[in-house]
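> Dropping a prediction and its sequence here:
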Amino acid sequence: MNKPPLTGIRVADFTWVWAGPYCTMQLAHMGADVIRVESQTRMCVSRLTLPWAGGKTGPNRSGYFNQYNQGKRSIALNLKLESAREAARRLASKCDVVINNFAAGVMDRLGLGYADLARIKPDIIGVSLTGYGDSGPLRDYVAYGPAQVPLSGMSALTGYRGWPPMHVGFSYGDPNAGTHAAFAIIAALYHRERTGEGQYLDMSQWESTMALMGEAMLDWTMNQHQPERDGSRDPSMAPHGVFRCRDMPEPIAGSAVDMWVAIAVAGDDEFARFSQAVGRAELARDDRFATLAARKKNEDELEAIVTQWTSQRLAADAAEILQNAGVTAAVCATGRDLDEDPHLNERGFFVEHDHLEIGRVRHAGIPFRMSETPLAIKSPAPLLGQHTDEVLRDLLGYSAGEIENLRAEGALK
């Protein structure tokens with residue numbers, strides 16, 4: 001059987017929080033040996049983030065960290081000390097890729113910038129995944145994912161008419177930047193395979209989020225028009241949105257849980273199928289709704305009709321009726337819905353690991369399949385510093401005595 005496509009590629013992972021770890025998780029999924037460099041002296045905030053396994057806190061118990069660091073190894077280095085920085089340089093010399101998502105200039109100050117590493121290993125691929133890129137007047141600004149969403153223009157499009165701009169519900173800029181970075185790294189590896197040349201990848205989380213906003217930017221550059229916020233509605237579909245259904249049959253913690261179904265009707269033919277499915281075939285012949293322009297003009301009235309139908313049904317039943325009629329519809333899924341979903345489980349999307357501290361845990365797995373190079377998640381997320389001795393000894397050639405000296409001076413924490 002063929003091996004995963006990035007087998008033999010080694011990554012020195014100096015990333016933290018979400019954007020960088022999400023990137024390197026993709027590389028680990030594809031077979032790369034990802035060695036995450038961490039420190040107890042400045043612990044990654046994701047090790048201190050909810051949810052906690054079993055409700056008990058601890059740096060190895062964060063569901064956030066354990067999801068996005070599957071398949072990696074962890075080495076603890078206190079980079080405040082020169083001996084630890086020397087170990088980091090030795091690690092880089094054994095790697096194909098060195099990636100960080102610190103603020104601009106941090107790696108340079110540590111003596112681990114691209115120019116430093118390229119002197120050690122000329123064909124190294126260096127990746128900097130900063131908030132605003134390594135150049136420009138904002139290069140030193142502080143960045144977190146929640147700021148990237150409004151700065152990209154996404155929040156200006158999100159919300160209801162008359163409401164202020166709204167967040168999209170999570171730090172979209174982080175995993176989106178991580179995905180772009182993984183793509184760029186694979187392209188750089190392909191270039192190196194053809195030419196022998198390493199290179200430096202200057203990634204901007206802001207710009208990678210803006211790359212998703214082409215229509216809105218074009219509307220401004222071409223028409224000097226800013227699209228209005230319009231809730232869940234869409235200019236070229238109606239009905240389009242999420243509609244209230246009956247509550248979940250079983251209460252959770254004694255409370256009823258409201259359920260919703262998402263419906264998107266793309267054209268007049270699909271609206272005719274929708275009308276038939278909800279028992280209102282006459283709607284497709286009604287002058288108020290027969291065309292997209294008419295439906296948009298009378299959208300409040302149309303949505304009231306849709307809600308009257310959905311509110312009498314369970315979300316799953318409403319979605320099934322519409323899908324069977326060839327209408328795009330889906331349940332607004334809860335965590336429980338996803339965990340128990342027969343389609344996801346049949347496809348093997350979820351994976352289970354035996355974690356050294358918290359036992360057997362279930363995670364979201366790899367969202368794609370490769371027929372000739374099968375993928376599998378090698379291991380759960382590592383304990384903090386779990387592989388320090390292993391990497392120093394087996395990969396970097398440190399003797400047992402040298403490792404103990406490093407530990408004694410505080411370099412391995």
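Arrived safely, thanks for sending. Note that the structure is predicted; figures quoted are calculated from it, not measured.
> Tell me where the stretch 201-350 of the chain has strands.
Ranges of strands in the stretch 201-350 of the chain, per DSSP state E, counting those that start in this stretch, are 240-244, 260-264, 328-331, 350-355.
> How far does the first one sit from its chain's centre?
Centroid separation for strand 240-244 versus its chain: 25 Å, with C-alpha atoms, centre = their mean, to the nearest Å.
> Only C-alpha atoms, please: export it in PDB.
What follows is strand 240-244, C-alpha atoms only, in PDB (Å, rounded to 0.1, in the frame of the first residue of the first chain):
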ATOM      1  CA  HIS A 240     -33.200  31.600   1.500                       C
ATOM      2  CA  GLY A 241     -32.500  31.400   5.200                       C
ATOM      3  CA  VAL A 242     -33.000  29.400   8.400                       C
ATOM      4  CA  PHE A 243     -36.600  28.700   9.500                       C
ATOM      5  CA  ARG A 244     -37.900  27.800  12.900                       C
END
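> For that strand, which outside residues touch it?
231-234, 258, 260-265, 303, 306-307, 310-311, 318, 332 (C-beta atoms under 8 Å, 6 or more residues apart in numbering). Quick note: C-beta positions are derived from backbone N, CA and C, even for glycine.
> partner strands of it, parallel or antiparallel?
strand 260-264 (antiparallel) (DSSP bridges).
> what does the partner strand contact?
Applying C-beta under 8 Å, 6+ apart, the set of residues contacting strand 260-264 from outside is 234, 237, 239-245, 274, 306, 310, 315, 318-319, 322, 327-332.
> out of the strands of the stretch 201-350 of the chain, nearest to residue 250?
Minimum separation from residue 250 across the strands of the stretch 201-350 of the chain (C-beta to C-beta) falls at strand 328-331, 15.5 Å.
> strands paired with the closest one, and their directions?
When pairing is defined by DSSP bridges, strand 328-331 lines up against strand 260-264 (antiparallel).
> how far is the partner strand from where the chain is centred?
Strand 260-264 sits 23 Å away from the centroid of its parent chain (C-alpha atoms, centre = their mean).
> Stretch 115-127 too?
With C-alpha atoms, centre = their mean, you get 27 Å for stretch 115-127.
> Likewise for stretch 127-138?
Centre-to-centre, stretch 127-138 and its host chain are 20 Å apart (C-alpha atoms, centre = their mean).
> which parts of it are buried?
For stretch 127-138, the buried set under the neighbour-count rule, 16 or more other C-beta atoms under 10 Å, comprises 127-134.
> name the element residue 64 belongs to?
When elements are assigned from DSSP states H and E, residue 64 belongs to helix 63-68.
> Could you spell out the sheet neighbours of the helix or strand just after that helix, each with its direction?
Next in sequence after helix 63-68, counting helices and strands by DSSP H and E, comes strand 73-76. Strand pairing for strand 73-76, determined by DSSP bridges: strand 33-38 (parallel).
> Using CSV, write out every CA atom in the strand it pairs with.
The C-alpha coordinates for strand 33-38 follow below in CSV (Å, rounded to 0.1, in the frame of the first residue of the first chain):
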residue,chain,number,x,y,z
ASP,A,33,6.2,14.4,10.8
VAL,A,34,5.2,17.6,12.6
ILE,A,35,7.3,18.5,15.7
ARG,A,36,5.6,21.2,17.7
VAL,A,37,8.0,23.4,19.7
GLU,A,38,6.3,24.5,23.0
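> Check the model's average confidence along that strand for me.
Strand 33-38 comes out with an average pLDDT of 98.
> contacts for it?
With contacts defined as C-beta under 8 Å, 6+ apart, strand 33-38 is touched by 9-16, 21, 24-25, 27-28, 44, 69, 71-77, 79, 88, 91, 95, 382, 384-385, 387, 391.
> Keep only those of those residues that are in helices.
Among the contacts of strand 33-38, DSSP state H puts 21, 24-25, 27-28, 88, 91 in helices.
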